[in-house]
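# Need coordinates for the following:
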Amino acid sequence: MHTDGYNGAVSKSAEVYTNDPDAPQFTLILSMVIVGTEAPRGVAVGSFVIGPTNNWQGRSPRGLSANGIISVTNTTAAPIRITSVNPNGQAFTVSLDTLQEGAKYALNFASKETLPAGSHKQVVKLLTDSKEQPEVDVTLEVNVFPAVSISPSSLNFDKVNVSDPEADLTFVSKFVWVRLGRGTGLEIKSVISDLPFMKAKVESVNDGQIVIRVGFGEKPSKGTHIGKLRIETNNADVKLVEIPLTINAQ
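Just a heads-up that it's a prediction; the model follows:
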């Protein structure tokens, strides 16, 4: 880590790949507060500069943690001590390091690995011994996305022509994208439909994304047919996904 030109909180990460089948990949994170001669970088909040921001936002795949560090610097001549930290929520764990009493502090934080998919926000309150500014708020927000995402979430084949005996349905198809939120190694173990006239196959595999083509193996009868597409993956968190299928045959 080259520290030239930095002053304040910095986080760097590296993706590590191993031959361990139980831990084929993990993220190595280095977080630090650099004390330099330059003015601290960040957002001015009363007597403090909070860096890199007092409104941190991050993303994390489900089952993993997003973490980092925020520096809190007193910019006044008189010392202001941070006496305690109120986490004020359960989405993040937080801790405070004193770098220079009354002057420089570091707020360490990490999102819970058990958070469900969605957005999670927590306003951490730093309590001080200042009468003018007894409390400083730092907002932490993480967007947890599924380990494996599939889009679209449903398939609708509308106005499928089955009345014309010359109609060729082999060219009628739709695509499903299966994406791995982090890393590589995603595989489709099977993809089938409970509608006997539908067929599906893996069209392409590219890093963390797989494309599935869904079409017709034979002509369906007239009417509306409702079923499911079952996609089985090798991902431990998302082993099976079912996508609703609707076919309107005319």
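
# Okay, domains of the chain per the record?
8-144, 148-249 (automatic domain parsing).

# Mean neighbour count, distance to His2 and mean pLDDT added to those domains, as a markdown table?
Every residue, glycine included, has its C-beta placed from N, CA and C. Converted to a markdown table, those look like this (neighbours: other CB atoms under 10 Å; distance: least, CB to CB, whole Å; pLDDT from 0 to 100):
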| stretch | mean neighbour count | distance to His2 | mean pLDDT |
| --- | --- | --- | --- |
| domain 8-144 | 16 | 10 | 90 |
| domain 148-249 | 15 | 27 | 91 |
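
# right, so of these, which gets closest to Met1?
domain 8-144 (6.0 Å; CB to CB).

# in which helix or strand would I find the residue positioned nearest the centre of the chain?
Closest to where the C-alpha atoms of the chain average out (CA atoms, centre = their mean) is Ser60, at 3.2 Å. Following DSSP states H and E, one finds Ser60 within strand 55-61.

# who does that strand touch, helix- and strand-wise?
strand 67-74, strand 104-111, strand 135-145 (3 or more CB pairs under 8 Å, 6 or more residues apart in numbering; DSSP states H and E).

# Can you tell me the strand partners of the second one and which way each runs?
Put plainly, it is strand 104-111. Its sheet considered, strand 104-111 pairs with strand 67-74 (antiparallel), strand 92-100 (antiparallel) by DSSP bridges.

# My guess is Pro116 contacts Ala91. True?
No - checked against CB atoms under 8 Å, the pair Pro116 and Ala91 is beyond contact range at 10.5 Å.

# residues in contact with stretch 35-46?
Residues outside stretch 35-46 that contact it (CB atoms under 8 Å, 6 or more residues apart in numbering): 3, 5-9, 49-55, 71, 73, 75, 99-100, 104, 132-133, 136-137.
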